[in-house]
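prediction below, plus the sequence it came from.
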Amino acid sequence: MSFAAAPGRWTVVAVFLIAYWLSFFYRSTNAVIADDLARDVGLGASSLGLMTSLFFLVFAAVQLPLGSALDRYGARFVTPALLLAAVAGSLVFATASDFGGLALGRALIGLGMAGVLMGALKAFASWFDPRAFATVSSVFVGIGSLGALAAATPLAWLASTIGWRGVFGWGALVVLLAAIAIAVVAREPVRARTREPAHAPGSTAATRPRAGFGQVFRDDAFWRLALLTFAVTGGLFAWQGLWAGPFLTQGLGLDVLRAGNVLLALGAGITAGFLSSGVAAARLGVERTLALGATAFLATLVAWLLVTPAWPLPLLVVLAALMGLTGASNVLNYAAARDAFPHIPGRAVTAVNLFGIGGGALLQWGLGAVIGAYPTEAGGHDATAFRAALAVTALLVAIALARYAPLTRRSGPRHPQPG
């Protein structure tokens, strides 16, 4: 199929893009409304971290069975079916009065959003030829990440206008409309329906996944990549999705709108990082770009350790944008995984994705425990508690980077395949 063929393909891209935008929005909301949740429901830092992490924990838990379901039933069925769980979760979250209700709502939202990106890539594989697929996929991720920008200043304004419960109540309706749109629009083109079976003769459904994932998990280079993904992507998600907001409001004393502006810059930096990483990797190679990006991300974490309430807002905005830009370079982990396992790319990408999403979940929770270990003052924790969490994140990135560094000495750069 040529890049110019199949006029309905851009409609398919558009409906999945709306859902992916919502996924980024929902995963980032608690950074802005954390103080509201603490006040209205009485959550401490540890409980807030655990509840927020459930989005990523459930998201990660369903990745491997999700791949089988998409291959068997298709994205047009699987993605909308999962999105219905997000509709229910958003309503549960909006009406929750205690930790249990918030936790259930957050978990259901994570379940519902788990099939959006992989479902989109499954659908795009039918609508675009391989030469166009890489470009479409990388741009899709970059544009979809703009949902995190809406979960910054716009969310702060909206939450102050209709309340955080109103945001999640109306959000349920938007997610429902996105699910309906995908179910109606995301059909497969005729050519895709007549393709030959994807599996080689003689293989069985029972042995293929076991053998494929076993090969990935036995590879030392994969574990080096997985640890880097856990530290960088997981660390970025933990701070963008939750702890950056309380650090700005409680630790640095910013009001919610000024904090939203800093989070907006963080989200913009992430989008720029997604869109520019492929260009950098084409010149430097995937492994070197991953290592340089992680090094720069580590430097921004150290810079944040030096921040005090006296720092001017523009400087915080620049530092947040750099944090997003450098951390987002780890999106090349998908290209590195595909390069390492070209014969089983789907399983390789899903496996490495577990560590990025799982890292976000565990670090949101774990950093909450670190922050919660410090005494609470009027208005929350002071900057010292958040600096301790930043130090833990930086240490993890440094260890992962040291483990990954030998892979950068491979001869000749390998071209990235974003997606």
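Okay, I see it.

residues contacting Leu363?
Applying CB atoms under 8 Å, 6 or more residues apart in numbering, we find Leu363 in contact with 53, 234-235, 237-238, 393, 396. Quick note: C-beta positions are derived from backbone N, CA and C, even for glycine.

now, which of the residues you listed lie within helices?
Within those, residues falling in helices by DSSP state H are 53, 234-235, 237-238, 393, 396.

now Trp311: how far from Ala320?
According to CB to CB, to the nearest Å, Trp311 stands 11 Å off from Ala320.

hang on, I meant Ile180
Here the distance between Ile180 and Ala320 works out to 36 Å (CB to CB).

neighbour-wise, which of these two wins?
Ala320 (27 against 13; other CB atoms under 10 Å).

buried ones in the one helix or strand the more buried one maps to?
Element membership for Ala320, per DSSP states H and E: helix 313-327. For helix 313-327, burial by neighbour count (16 or more other CB atoms under 10 Å) applies to 316-317, 319-327.

surely Gly90 is in contact with Gly110?
Actually, residue 90 is Ser. It isn't Gly. No. If you go by CB atoms under 8 Å, Ser90 and Gly110 don't touch, sitting 11.5 Å apart.

do a quick rundown of the helices in the stretch 51-200 of the chain.
Taking DSSP state H, counting those that start in this stretch, the helices of the stretch 51-200 of the chain run over residues 63-73, 75-95, 99-113, 116-127, 130-144, 147-150, 153-185, 190-193.

distance from the chain centre to the second one, please.
With CA atoms, centre = their mean, to the nearest Å as the basis, helix 75-95 stands 18 Å off its chain's centre.

C-alpha coordinates for it, PDB please?
Provided in PDB are the C-alpha atoms of helix 75-95 (Å, rounded to 0.1, in the frame of the first residue of the first chain):
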ATOM      1  CA  ALA A  75      -7.800  -3.100  17.400                       C
ATOM      2  CA  ARG A  76     -11.300  -2.100  16.300                       C
ATOM      3  CA  PHE A  77     -12.800  -4.400  19.000                       C
ATOM      4  CA  VAL A  78     -10.100  -4.600  21.700                       C
ATOM      5  CA  THR A  79      -9.300  -0.900  22.100                       C
ATOM      6  CA  PRO A  80     -12.900   0.300  22.400                       C
ATOM      7  CA  ALA A  81     -13.700  -2.600  24.800                       C
ATOM      8  CA  LEU A  82     -10.900  -1.600  27.100                       C
ATOM      9  CA  LEU A  83     -11.800   2.100  26.800                       C
ATOM     10  CA  LEU A  84     -15.200   1.300  28.400                       C
ATOM     11  CA  ALA A  85     -13.200   0.400  31.600                       C
ATOM     12  CA  ALA A  86     -11.700   3.900  31.500                       C
ATOM     13  CA  VAL A  87     -15.200   5.400  31.200                       C
ATOM     14  CA  ALA A  88     -16.300   3.400  34.300                       C
ATOM     15  CA  GLY A  89     -13.000   4.300  36.100                       C
ATOM     16  CA  SER A  90     -13.400   8.000  35.400                       C
ATOM     17  CA  LEU A  91     -16.900   8.000  36.900                       C
ATOM     18  CA  VAL A  92     -15.700   6.000  40.000                       C
ATOM     19  CA  PHE A  93     -12.900   8.400  40.500                       C
ATOM     20  CA  ALA A  94     -15.200  11.400  40.200                       C
ATOM     21  CA  THR A  95     -17.500  10.100  42.900                       C
END
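
tell me which other helices or strands it touches.
Counting contacts by 3 or more CB pairs under 8 Å, 6 or more residues apart in numbering; DSSP states H and E, helix 75-95 packs against helix 9-28, helix 63-73, helix 99-113, helix 116-127, helix 153-185.

same check, this time on the third one
Here helix 99-113 touches helix 9-28, helix 30-41, helix 45-61, helix 75-95, going by 3+ CB pairs under 8 Å, 6+ apart.

picking that back up, closest one to Ala385 among the helices of the stretch 51-200 of the chain?
helix 99-113 (20.4 Å; CB to CB).

mind saving the C-alpha coords of that closest one as CSV?
Taking C-alpha atoms only, helix 99-113 is exported to CSV below (Å, rounded to 0.1, in the frame of the first residue of the first chain):
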residue,chain,number,x,y,z
PHE,A,99,-8.7,5.9,49.1
GLY,A,100,-10.4,2.7,48.0
GLY,A,101,-12.7,4.5,45.5
LEU,A,102,-9.9,6.6,44.1
ALA,A,103,-7.6,3.5,43.8
LEU,A,104,-10.3,1.5,41.9
GLY,A,105,-11.1,4.4,39.6
ARG,A,106,-7.4,4.9,38.8
ALA,A,107,-6.8,1.2,38.2
LEU,A,108,-9.8,1.0,35.8
ILE,A,109,-8.6,4.1,33.9
GLY,A,110,-5.2,2.4,33.5
LEU,A,111,-6.8,-0.7,32.2
GLY,A,112,-8.9,1.2,29.8
MET,A,113,-6.0,3.2,28.3
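
thinking again about what came up before, for Thr249, which of the helices and strands packed on helix 75-95 is the nearest?
That would be helix 153-185 among the helices and strands packed on helix 75-95, by CB to CB, at 10.2 Å.

buried set for that closest one?
Within helix 153-185, the residues scored as buried using 16+ other CB under 10 Å are 153, 155-156, 158-159, 164-165, 167-169, 171-172, 174-176, 178-179, 181-183, 185.

what's the angle from it to helix 30-41?
Angle, helix 153-185 to helix 30-41, by axes from the mean of the first three to the mean of the last three CA atoms, to 10 degrees: 110 degrees.

you'd agree Val307 is in a strand?
No. Under DSSP: H, G, I helix; E, B strand; the rest coil, Val307 sits outside any strand and is assigned coil.

for it, give me its contacts.
Going by CB under 8 Å, 6+ apart, Val307 touches 252, 316, 319, 383.

farthest-separated two in these?
Leu319 and Ala383 (14.5 Å).

what's the neighbour count on the residue nearest to Ala394 when sequence neighbours are not counted?
Leaving aside its chain neighbours, Ala394 sits nearest to Leu301 (4.1 Å; criterion: CB to CB, 6 or more residues apart in numbering). For Leu301, the count of nearby residues is 24 (other CB under 10 Å).
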